[in-house]
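Asker: A predicted structure for the sequence below; I have some questions about it.
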Amino acid sequence: MPEPFVEIDGIAKRFGVVQALDGVSLAFNQGEVLALVGENGAGKSTLMRILEGVFPPDAGTIRVGGATVAFREPKEAHQAGIRVIHQEPEIVPHLTVAENVFVGAMPRRGGVFLDWRRLEAATRDILESFGMAAELDPRRLCDALGPAQRQMIEIMRAVRAGGRLIAFDEPTSSLTDDEARRLFAVIRRLKAEGVGIVYISHRLNEIIDLADRIAVLRDGRLVADGPAAGATEESISRTMVGRDLEGLFRRSRRTPGETLLEVKGLTTERVFDVSLAVRRGEVLGIGGLMGAGRSELAKGIVGYDPRLAGTITMAGRALRPNDTAAAIRAGIGFAPEDRKHEALLLFRSILDNAALCIPDETSRLGFFSRRKALAKIEPLARKIAIKAPGLDVPVSRLSGGNQQKVVLTRWLACEPMLLILDEPTRGIDIGAKAEIYRLVDELASAGMGIILISSEMPELIGLADRILVMAGGRIRAELSGGDIGEEDILRHAMPQTGERNEAA
């Protein structure tokens, strides 16, 4: 049996009226991968912040190596061997690879001057051990590194600093399949070396592949803790949400109406000669691999990216190039892939964010009217089931799924004719996914046109009436009918032999 390195007993934490954790007891063992799963808002991130010393618990105890501890800051947790690799790696972009790996522990000459020779040599040894010596130079600045490279640097920093329990929070959300496989190999290596691993992910297939043990949080309580052997995606989902998710994908019988959006020959810097049409009551799926140009297509339609050629008409009226405000006025809503940086004002309230695009409906005599804003937003927030104590809560305090619901609430308030959803379920749990799938079907059944961009092929197949597959910034195929398979999408999404990926 693996030995516990960290044990928590009766951990509780409250934020205002929200009970984030309620009496959670759990052991984190050496040489074991523990998957920590639960819906958004279940308490996973709060638990990790308590383990890392960001928050003190309101009640309960933490033991490391059998000794009771009380972390006052992350530095103390790090010294105890506990590290959390966050979804967005904490890398200093204008420092080198070597400086980021050894931040806080730079070798010095005479206790004063940075010893670059020792620093580079030690960094090269670590890079070599991770199989990245040929890919990364110790003197390379980190501002131009990709998500996978940044994540690997943070892992190397944790291992270098003596990390004995390393938690990974949604580590594959921004990685390609090849990068994810490399990460899994590193995790298995760390496990073999006796490091305890906590793996947090909404991708249940990864959980089943990696985990030795699965712990499930629901509404701040631990509801399951047992071996991963024999677990299925369905059984994990059922435990997470406390109910069966039968009929996850809903696609009501509907007949699309007249054409809403018509794109002819759209060309931007990363999209080439794209033509498509979307009708009322239709869900048009856009599939393809990372770098295929899917997000760039959406940004070209709404005017975020400069249009170099082509025409776009909405409800029969031509859209001016590069005019996002005109696209919104014409009835187009756009929920981008990167909601935190491109859609939300994180330190403003739910109400402020949701009412952002309807100033005429939420003002009186030129001044913001809270009463009018609440009258408009409250019913929509209830309809879309935003989980928060109230609409004055800052969006930064919401889970990923609830942040996405705020973005959707904003566009429902605008009552668009066409809604573009770019990776609407990325990084959110199975229960929130089911709610968004239901909403997509309801909106399409009510006559709204939907463009759904997704990397999850079951999502496209389950929701879309037609699927356009992109590669290299171009549309390669249109698929329709009830017999579309994942292999059909993937076959058209793969770049052709000798073809340059123009969108990359």
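Answerer: It's in. Because the structure is predicted, anything quoted here is derived from the model rather than measured.

Asker: Spell out the secondary structure type for the spatially most central residue of the chain.
Answerer: The C-alpha lying nearest the average C-alpha coordinate of the chain belongs to Gly427 (CA atoms, centre = their mean; 3.2 Å). Look at Gly427: counting by DSSP: H, G, I helix; E, B strand; the rest coil, its state is coil.

Asker: quick one, what contacts it?
Answerer: Gln87, Glu170, Ser173, His202, Gly400 (CB atoms under 8 Å, 6 or more residues apart in numbering). Just so you know, the C-beta spots here come from the backbone N, C-alpha and C atoms, and that holds for glycine as well.

Asker: want to try TSV for these, with distance to Gly104 as columns?
Answerer: TSV is the format used below for the contacts of Gly427 (distance: CB to CB, whole Å):
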residue	distance to Gly104
Gln87	22
Glu170	25
Ser173	27
His202	32
Gly400	29
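
Asker: out of those, which are inside helices?
Answerer: Using DSSP state H, the subset of those located in helices is Gly400.

Asker: Report the separation between the spatially closest residue to the residue nearest to the centre of the chain that is not a sequence neighbour and Val278.
Answerer: Residue nearest to Gly427 in three dimensions, not counting chain neighbours: Gly400, with 4.6 Å by CB to CB, 6 or more residues apart in numbering. Going from Gly400 to Val278 by CB to CB, to the nearest Å gives 27 Å.

Asker: now swap in Gly331 and tell me
Answerer: Look at Gly331 and Val278: by CB to CB, they are 12 Å apart.

Asker: intersection of neighbour lists for these two?
Answerer: By CB under 8 Å, 6+ apart, the residues touching both Gly331 and Val278 are Leu260, Leu418.

Asker: Flag the shaky bits of this protein, pLDDT-wise.
Answerer: 1-2, 17, 243-247, 495-504 (pLDDT under 70).

Asker: Please repeat the previous calculation with a cut-off of 50.
Answerer: 497-504 (pLDDT under 50).

Asker: Farthest from the middle of it: give me that residue.
Answerer: For the chain, the C-alpha farthest from the mean C-alpha position belongs to Gly110; by CA atoms, centre = their mean, that distance is 45.3 Å.

Asker: top of the contacts of Gly427 by neighbour count?
Answerer: With neighbours taken as other CB atoms under 10 Å, the top of the contacts of Gly427 is His202, carrying 24 neighbours.

Asker: so that one makes contact with Ile430?
Answerer: Yes - using CB atoms under 8 Å, His202 makes contact with Ile430 at a distance of 6.9 Å.

Asker: My read is that Leu479 contacts Glu486, right?
Answerer: No - with contact defined as CB under 8 Å, Leu479 does not reach Glu486; the gap is 11.0 Å.

Asker: Pick out whichever of the two has more residues nearby.
Answerer: Neighbour count, other CB under 10 Å: between Leu479 and Glu486, Leu479 has more, with 19 against 13.

Asker: Tell me which helix or strand the more buried one sits in.
Answerer: Secondary structure assignment for Leu479, by DSSP states H and E: strand 474-480.

Asker: okay, the next helix or strand after that strand in PDB with CA atoms only?
Answerer: Per DSSP H and E, the first helix or strand lying C-terminal to strand 474-480 is helix 486-493. C-alpha atoms of helix 486-493 as PDB (Å, rounded to 0.1, in the frame of the first residue of the first chain):
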ATOM      1  CA  GLU A 486     -15.200  10.900 -35.700                       C
ATOM      2  CA  GLU A 487     -13.000   9.200 -38.200                       C
ATOM      3  CA  ASP A 488     -14.800  11.200 -41.000                       C
ATOM      4  CA  ILE A 489     -14.000  14.500 -39.400                       C
ATOM      5  CA  LEU A 490     -10.400  13.500 -38.600                       C
ATOM      6  CA  ARG A 491      -9.700  12.300 -42.100                       C
ATOM      7  CA  HIS A 492     -10.600  15.700 -43.600                       C
ATOM      8  CA  ALA A 493      -9.000  17.600 -40.700                       C
END
